[in-house]
Structures are given as structure tokens and as C-alpha cells.
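Asker: coordinates only, no sequence provided:
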Ligand code: PLP
Ligand code: COI
């Protein structure tokens, strides 16, 4: 059956998989909803997107995504409030960042309407897939990749933009122990660290595996030049609280300009907290840990929301953070989640109503 929502053609799935899903035990990104949005680029332009049943896609073995890694993605969430209204959080920032990433990988930028109207049409069709309740949401994965063929190492002439969605619970279970990286680098000046390029994640897997073998969950990346300054983690930006000051690294062409990060900065400032956006050396964090002034570390990101870090490893030594009764992390997490889920006023205008 074909209908039209927000000017987008919708081809509905004949059956639904929703009854097979255990919504009380959702792992992150493992179950996918009934539909996806698909939009093709060829002959120099993007063609109208369609919502269609979630299904495998067929690519030629020479498709450039396989060989040269032209692929970028975004991570967003849709939230359902007590009245079943559906909300997004700063979606235009994801749209803009997707195009920033695409441009860096010599891929075509998308028109705003295809992204926004396509996403809204998809969420309307799969509204029942958006779980309600604490910590639950529909994780949204927009991505663009080179579907055009050929072994020549140059940009493809055809691309696909797809949005797939997955009802999800939390990304991490429990607290997170991190290893401050001293050997490998995630990104470098002039590179693609600021882009949400698939290859950035592939490059992290091996050093992260080594960290996991040592009992940590994530790597904290340091600057590639000296490994002396804290940058960000594998899937989140990093905040450190020393005494009562919240510190996070400035964004650069090595760091992803996280939407959660910038929201946390604004929220913390609006609550009168001391926030410093500056270079943060590993030495300062280690000294603070030794002196007892290191109060908290936490990661911030769409999937991770606000994830407290319980300790870190550096130079073969482990440092454990204090267990505080009241933390900036839990305070800021509640503030941001309340805004995202329409549980509190939104003085910043971040919430975006879908339906
Ligand atoms: N840093 C990296 C490398 C990420 O993958 C993410 C996740 O998207 C973030 C930071 C956090 O960004 P955001 O808050 O926009 O999700
Ligand atoms: C997100 O937070 O949305 C991300 O994209 C992180 C991802 C690598 C799981």
C-alpha cells in the first residue's frame, strides 16, 4: 500500500514485527523497526526519498563504500512523552553535521527538506516503535554512503541516504572505566576527526579491543601530537569536574562537535556552574586524582546520554573516582533528559515536536 506523508511516498510493510520485540529488555541498536527511509543520489542530484519496509539492500561488489570508505552517519533519538507526543532534540544540528561530514568526504550534501520531512514521515509510520519510559527511546541512524561502482580511487557518482531506527535502552550497562590512550590516535590535525565518518570508528576498534582486554570499556583519546591532552572518548565527549569546575576540551578538527556536549555546557552555565572549555592535560587530571580534587568524569553523547566514569587507567596505574551522593552528572543528565522527553520547560528551544 502506498500513501503520502509530509509529501513523502510511503510504501507500508505488509506485516509488522513489533509483537516479536521484548520492549522490557532492549539492547542498544539490535532490533530494527518496520520501515526505513531511502533516498538515492545519481546523475548529479538527490531524488525524492521514500519510506519503505526495512529490508536488505543490494550493492555491486565494486561499490566504493567497500573499498574507499565513503560513509558518514548521525545518531539521534525520538522520545515519546506521557501523552504519546513524539519529540526530537535539536534535529537540525544533526542535519547540518551530516552535511559537514559529507562535504569532508567529498560526498554530496542533502537538502534539508529531504532529511527533515523524510525523518518525520518515517517516525509517523513507525510511531508505535517509539518506546516510552525512563531511559528508552527510538534510536535514529541516518547515514549516507557511496553506492556508485568502480575501483578508481575517486569519489563515487552515486550515493544512498538511509534512515534506519532501533528502539533502544541504554548504551552502557553500569558505570564506565576508561583507559587514557598513550599510543594510538583517533584523529589528527587536518584529518576527519570532526566528521562522523564510519572509518573513524573502524580505526578505534583495535585500540579499544586492547583496552577491553585490560578491563576497560572505552578509550579516552588524547591529542595525536603529544598524547598529553584529553580529547574525547570513542562515542562521546568527555567532561571532568575538578573541585566544582566542569572542564571539557575545545572542539577542533580532531574532535566531534557533540550536540549533547554543547547542550550540557549551556545547561551547566545556565545553572550557574563554573564551566571551562580549554585544553585539559592528563597530568592535571592525574594530579587532581592524587590530591582528591578530581570529583567526577563523565561522557556525553546521544547514545550514551550522560555516562559517569568510575575510574581511569593511565601509565599502568588505575585511578578510582569517589562515589559522591550528588553528582553534576546525574543533575545534568536529569535536566537534559527532562527537556528531551517533555518533562520540563525548554527555555532553549531545543525540543522539536514531530507529532
Ligand atoms: N564523540 C564521538 C566520537 C561520537 O561518536 C559521539 C556520538 O555521536 C559524540 C562525541 C557525541 O555527539 P552527540 O552528542 O552529538 O551525539
Ligand atoms: C551516538 O551517540 O549517537 C553515536 O553515534 C555513537 C555511536 C557510535 C553509537
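Answerer: Looks like it arrived, so ask away. Bear in mind the structure is a predicted one, so any value in this text is a computation, not a measurement. Numbering: from 1, shown residues only. Ligands and ions are numbered 1, 2, ... in the order given.
Asker: can you pull the phi and psi angles for residue 330?
Answerer: For residue 330, the backbone dihedrals (degrees, to the nearest 10) come out as phi -70, psi -30.
Asker: from the opening residue of stretch 162-174 to its closing one, how far?
Answerer: 32 Å (CA to CA, to the nearest Å).
Asker: ok, and for it, which residues are buried?
Answerer: 162, 163, 164, 165, 166, 167, 168, 169, 170, 171, 172 (16 or more other CB atoms under 10 Å). In short, each C-beta sits where N, CA and C put it, glycine included.
Asker: and the third one, that one's in a strand?
Answerer: This points to residue 164. Yes - Residue 164: assigned to a strand according to DSSP: H, G, I helix; E, B strand; the rest coil.
Asker: and it, bridged to which residues?
Answerer: Bridge pairing for residue 164 (DSSP bridges) gives the partners residue 141.
Asker: pretty sure it contacts residue 35?
Answerer: No - Residue 164 is beyond contact range of residue 35, at 9.0 Å (criterion: CB atoms under 8 Å).
Asker: can you list residues touching both of those two?
Answerer: residue 54 (CB atoms under 8 Å, 6 or more residues apart in numbering).
Asker: now do the SS call for the closest residue to residue 298 other than its chain neighbours.
Answerer: With CB to CB, 6 or more residues apart in numbering as the criterion, residue 298 has its nearest non-adjacent residue at 4.1 Å, and that residue is residue 329. Here residue 329 is recorded as helix under three-state DSSP.
Asker: and for residue 329, the neighbour number?
Answerer: Using other CB atoms under 10 Å, the number of residues around residue 329 comes to 24.
Asker: contacts only, for it.
Answerer: Contact analysis of residue 329 by CB under 8 Å, 6+ apart lists 239, 296, 298, 306, 307, 308.
Asker: the third one against residue 310, yeah?
Answerer: No - Residue 298 lies out of contact with residue 310 (CB under 8 Å); the separation is 10.1 Å.
Asker: settle it for me: which of those two has more neighbours?
Answerer: Looking at residue 298 and residue 310 with other CB under 10 Å, you find the greater number of neighbours at residue 298, namely 27 against 15.
Asker: just list whatever residues bridge to the more buried one.
Answerer: Residue 298 forms beta bridges with residue 239, residue 308, as assigned by DSSP bridges.
Asker: lowest average confidence, helix or strand, in this protein?
Answerer: strand 2-5 (a mean of 87; mean pLDDT, DSSP states H and E).
Asker: what residues of stretch 211-222 count as buried?
Answerer: Of all the residues in stretch 211-222, those buried under the rule 16+ other CB under 10 Å are 211, 216, 217, 218, 219, 220, 221, 222.
Asker: farthest pair within those?
Answerer: Spatially, the most separated pair among those is 217 and 222, at 17.3 Å (CB to CB).
Asker: distance of residue 216 from ligand 1?
Answerer: Look at residue 216 and ligand 1: by CB to the nearest ligand atom, to the nearest Å, they are 16 Å apart.
Asker: tell me the contacts of that residue?
Answerer: By CB under 8 Å, 6+ apart, residue 216 lies in contact with 177, 178, 179, 313.
Asker: would you list the phi and psi of it?
Answerer: According to degrees, to the nearest 10, residue 216 has phi -110, psi 160.
Asker: I'd like the distance between the spatially closest residue to residue 190 that is not a sequence neighbour and ligand 1.
Answerer: Spatial nearest neighbour of residue 190, chain neighbours left out: residue 253 (6.5 Å); criterion: CB to CB, 6+ apart. As judged by CB to the nearest ligand atom, residue 253 and ligand 1 stand 13 Å apart.
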